[in-house]
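*Asks:* What follows is a predicted structure for the sequence shown.
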Amino acid sequence: MSTEKLIFEMGAPGRRAALLPAMDIPTKPLDQLVPQDMLRAEPAPLPEVSEIEVVRHFTHLSQRNFGVDTGFYPLGSCTMKYNPKVNEEMAGLPGFARIHPLEHESMTQGAIQLLYELEGYLAEIAGMKRVTLQPAAGAHGEITGLMIIKAYHEHRGEGHRNIVLIPDGAHGTNPASATLADYQTVELKSDARGGVDVEHLAQVLAEHEGKIAALMMTNPNTLGVFDENIIEIAKRVHDVGGQLYYDGANANAIMGITRPGDMGFDVVHLNLHKTTSTPHGGGGPGSGPIGVAEHLVPFLPGPLPAKGHQGYYWEDAGPLSIGRMRANAGNFLVLVRAYTYIRSNGPDGLRHVSESAVLNANYVMRALQDYYELPFDRACMHEFVFSANRQKAVGVRALDISKRLLDFGIHPPTNYFPLIVPEALMIEPTETETKETLDEFIAIMRQIAEEAKHQPELVLEAPHVTVVGRLDEALAARKPNLRWQPEPETAAAKA
Amino acid sequence: MSYVPNTSAEQQEMLRAVGASSIEDLLTPIPEAVRLQRPLDLPPSLAEPDLRRLMVGMAEQNADLDHYISFLGAGTYDHFVPSLVPALVKRSEFLTSYTPYQPEVSQGMLQAIYEYQTMVCQLTNMDVANASLYDGSTAVVEGALMAVGPSGRGEVLVSHALDPQYRATLQTYAHARGFTLREIGLDDGITSVAELEAAMTPETKAVVIQQPNFFGALEDVRGIERVTHTGQAAFIVAITEPASLGVLATPGDYGADIVAAEGQSLGNPMGYGGPALGMFAARNSFLRKLPGRLAGKTVDSRGQDAYVLTLQTREQQIRRERATSNICTNQSLLAVAATIYLAALGKQGFRELGEQCLQRAHYAQERICSLPGFEPIFTRPFFDEFAVRCPMPVEQLNARLRDEGISGGYDLSRDYPELDNAALFCVTETRTRDDIETLVAAMEEVAGENR
């Protein structure tokens, strides 16, 4: 069976999979309670299916999906590490899952305590003064950080600073967030070693004198390369009054080894769904807390968790705060998982995580560098980027290599990113993989490199064993079909 | 426990393979000056049994609704979730997958999102829905940004009866992006259409209201629609309680252009307010301006129906600084939970859900307001929340109710200083007649003590 019907194509009128509580109160006709024209004329045309149909349908769908528990997932920049089961169980405790955000502080002491302590842990990991846990994801953290930087400049009477510098290898969210904060972006070139071109930075700083609001950077960057010039870069940006923003997407490389605060960054976001092992859930929920240096603390969104003589409480934001970034305190149940993970690891464990992530990446990179072009041949951090240029010369592209990996039960690396490497294959093994898994991946990647030379059609036509073959993405975009609709004749028959 | 499987001996072997004598050799690109010269100052690692004891201890410091009777709503709602929803959504193939960029191995998530998008359209009667946003408040922000457009300038009018946290969030973004926000006042608990009409200017790009509004009251949506569209602005409807869509007229019925909703009610735990589920739907004319991901149906190389993320040229990973939004990670897993929940309740069950909330809330309102000193603040029709004037400050009343194991209504004076002694009660299908009578008896006693 290679297709699964839509839930709308299943069931029969009258079937259902859940009963509501017995009605134990006297009722009145609806139109006596709410005027008729405010009522819905027809029920929402939801499916009518039994419990067994719902369970089988979504079980089948899950079987048509690949997760970290299914197999190796070396998706660069996404840190697809193992998601510990204990985290899930702790997040499911009724004392966390079944509590209301507007409940009185005296009734949620454990929740506020957890957030208060987690804030402290993340501040320590990032080398920052304070942290807000509100941002729901990395990009949400980015816009929060940029708003704080903006508020800081405005407070100093320098609201005219309107330029954010972004390296050419940056994640797409960086420039998109800058636009959202009403900033213009200027792209910084990379140098021959894969870091920020300091000469170019100096030129750009001079050219836009007095206009620089911030530099957004990832370090290690999206090439998996640690920028050795970070102290120099930080100094130059600070010298012209700019602030440094740290995109923490790659923080899995640095825990306990170095801290963004010590590198000179003023604002840091951390992707808890990457670094602290909370599951990605097919695209979310994530959590993207940001930490700030002392001079930016007054601008943090509020409220912030606090500890007093009477216990834990929520402290309202001060007059300089940028305001609220969302309703409620953040993605709390994700934060519970992150807290669990940090307490499980402790300081030595977290350092061991980062060191092992770096070792695994170097191990795979060195074993494959004779087979794939390595544009920046130097020790990598937690990830590295190959180019499929050699394979492209014989007609096999990074996309084809990615699809061929699927035949071996391996999720492909991130491809065609960063944009500065043609035919990019960005590989992040993470620390939670065994040596055997890495060796198997190495063997398969070598085999694919051979196939590209000798049996290219095998690679070009991949995947062969997945439930569906390559998709017609052009058709999807040209004739968007974004929802199911009943067949017209079926609708007529029902009416 | 750090979940690193390789032993020290294996790591030594791997180091030899890469020509390094120690991990330190691999870290040389990190300048000494920025190295942390001490261990992180964090509590020591814990084995699972110790970890559990710690976490359970903290969880037990919180008033969970397995042990307390709650009448709190105000944006987050307690609804019954059938066991099959968490059982299915926790399947690790969903839980531990990334955004479905590789469709050949992500058909399950993509099809679930396609079904979710369909159901959001079915609930709201809108043309198109995305794969989710962070929460209701940021969905409203994205709606306003979409209406304001790429210039980032103009004016958005927002009802004073929009959830105060949503208004605060919108204000934060408006300031940074560069558009203006103006509030429209109320008339007997709903947005004043006359004031809105007077406030419209040629710069008005959007009007944002909430239905039912923060007080649970039903807005004059048709009056607002007329004024908004006469002024050429986009009509944005925020919904914090989607259970209302089981019985109330839909945003599509009354001419909404954009719907921004909080979907937590649909099969997801309250979780102290997060993660939540930003639902976003719009008219077809906004198709290529939508924020966030979209799953679409297409065919594969073997001619089979299949699903894929589509129209990605709107998104940050392609369009960068010209993207329609900066969103990347969204709330997919909560969208899947909502899909399973809505399938489980189905056509009949979802309507009954709306009816039960509405009936129980009206019963509770009648009972509470039969007590001396308690009366409705507004005369408007409502869904499952209602505002009550109390004979004492709400915090004083609630402190006593807490002693009885009851979370009382939300103290409206926290956000509306003009509303003193005003409590917002929420009654969903999970509050039984006994729960309601327990509340009423406790309130009667507290009010009696107070006289």
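*Replies:* Now that the structure is in, tell me what you want to look at.
*Asks:* How about whichever residue of the stretch 301-450 of chain B sits closest to chain A: what's its closest non-neighbour residue?
*Replies:* For the stretch 301-450 of chain B and chain A, the shortest gap (Cβ to the nearest Cβ) falls at residue B:333, measuring 3.1 Å. Bear in mind the C-beta positions are built from the backbone N, C-alpha and C, glycine included. Among residues not flanking residue B:333 along the chain, residue A:281 sits closest, at 3.1 Å (Cβ to Cβ, 6 or more residues apart in numbering or on different chains).
*Asks:* The one you found touches residue B:332, doesn't it?
*Replies:* Yes. With contacts counted by Cβ atoms under 8 Å, residue A:281 reaches residue B:332, the gap being 5.4 Å.
*Asks:* my read is the residue of the stretch 301-450 of chain B closest to chain A is in a helix, agree?
*Replies:* Yes. Assessed with DSSP: H, G, I helix; E, B strand; the rest coil, residue B:333 lies in a helix.
*Asks:* burial count for it?
*Replies:* 26 (other Cβ atoms under 10 Å in any protein chain shown).
*Asks:* residues contacting it?
*Replies:* Contact analysis of residue B:333 by Cβ atoms under 8 Å, 6 or more residues apart in numbering or on different chains lists A:279, A:281-285, B:89, B:94-95.
*Asks:* same thing but 7 Å
*Replies:* Taking Cβ atoms under 7 Å, 6 or more residues apart in numbering or on different chains, we find residue B:333 in contact with A:281-282, A:284-285, B:89, B:94-95.
*Asks:* before we move on, what about residue A:392?
*Replies:* Counting by Cβ under 7 Å, 6+ apart, residue A:392 touches residue A:423.
*Asks:* ok so, going back, helix, strand or coil for the residue nearest to residue B:333?
*Replies:* Classified using three-state DSSP, residue A:281 is coil.
*Asks:* Spit out the contact partners of it.
*Replies:* Counting by Cβ under 7 Å, 6+ apart, residue A:281 has contacts B:94-95, B:332-333.
*Asks:* looking at those residues, which has the most residues close by?
*Replies:* Counting by other Cβ under 10 Å, top hit in the contacts of residue A:281: residue B:332 with 28 neighbours.
*Asks:* That residue is in contact with residue B:132, isn't it?
*Replies:* Yes. Applying Cβ atoms under 7 Å, one finds residue B:332 in contact with residue B:132, separated by 6.2 Å.
*Asks:* so what's residue B:248 up against?
*Replies:* A:38-40, B:383.
*Asks:* go on, residue A:182?
*Replies:* Taking Cβ under 7 Å, 6+ apart as the test, what residue A:182 contacts is B:152, B:176-178.
*Asks:* Could you identify which of the contacts of residue B:248 has the most neighbours?
*Replies:* Using other Cβ under 10 Å as the neighbour test, the contacts of residue B:248 are led by residue B:383, with 28 neighbours.
*Asks:* Point out where chain A drops to low pLDDT.
*Replies:* A:1, A:489-495 (pLDDT under 70).
*Asks:* scratch that, chain B is what I was asking about
*Replies:* Along chain B, the model assigns pLDDT under 70 to no residue.
*Asks:* Most neighbours out of the contacts of residue A:182, which is it?
*Replies:* residue B:176 (22 neighbours).
*Asks:* Using the three-state scheme, assign that residue.
*Replies:* helix.
*Asks:* pretty sure residue A:352 contacts residue B:5?
*Replies:* No. The pair residue A:352 / residue B:5 is not scored as a contact, 11.7 Å apart, by Cβ under 7 Å.
*Asks:* higher neighbour count, the two?
*Replies:* Neighbours per residue (other Cβ under 10 Å) separate residue A:352 from residue B:5, with residue A:352 holding more: 21 against 15.
*Asks:* For the stretch 351-495 of chain A, which residues are neighbours of chain B?
*Replies:* The stretch 351-495 of chain A comes close to chain B at residues A:352-353, A:355-356, A:358-359, A:362-363, A:366, A:379, A:403, A:406, A:411-412, A:431-432, A:434-435, A:463, A:466-473, A:475-477, A:480-484, as judged by Cβ under 7 Å from any Cβ of the partner chain.
*Asks:* Buried only: go through those residues for me.
*Replies:* Buried residues within those, counting neighbours by 16 or more other Cβ atoms under 10 Å in any protein chain shown: A:352-353, A:355-356, A:358-359, A:362-363, A:366, A:379, A:403, A:406, A:411-412, A:431-432, A:435, A:463, A:466-472, A:475-477, A:480-484.
*Asks:* ok, the nearest residue to residue A:369 once chain neighbours are set aside to residue A:132 distance?
*Replies:* Once flanking residues are discounted, residue A:369 sits nearest to residue A:377: 7.1 Å by Cβ to Cβ, 6+ apart. According to Cβ to Cβ, to the nearest Å, residue A:377 and residue A:132 sit 40 Å apart.
*Asks:* what do you get for residue A:248?
*Replies:* Distance check for residue A:248 against residue A:132: by Cβ to Cβ, it reads 14 Å.
*Asks:* what's the answer for residue B:16, then?
*Replies:* Residue B:16 is 44 Å from residue A:132, where distance means Cβ to Cβ.
*Asks:* OK, contacts around the spatially most central residue of chain B?
*Replies:* Geometric centre of chain B, nearest residue: residue B:262, 3.0 Å, by Cα atoms, centre = their mean. Residue B:262 makes contacts with B:75, B:135-136, B:240, B:276-277, as judged by Cβ under 7 Å, 6+ apart.
*Asks:* So which residues of the stretch 101-250 of chain B form strands?
*Replies:* B:128-129, B:155-159, B:180-184, B:186-187, B:190-191, B:204-210, B:234-239 (DSSP state E, counting those that start in this stretch).
*Asks:* what angle separates the longest one from strand B:180-184?
*Replies:* To tie it back to what came earlier, the one meant is strand B:204-210. 50 degrees (axes from the mean of the first three to the mean of the last three Cα atoms, to 10 degrees).
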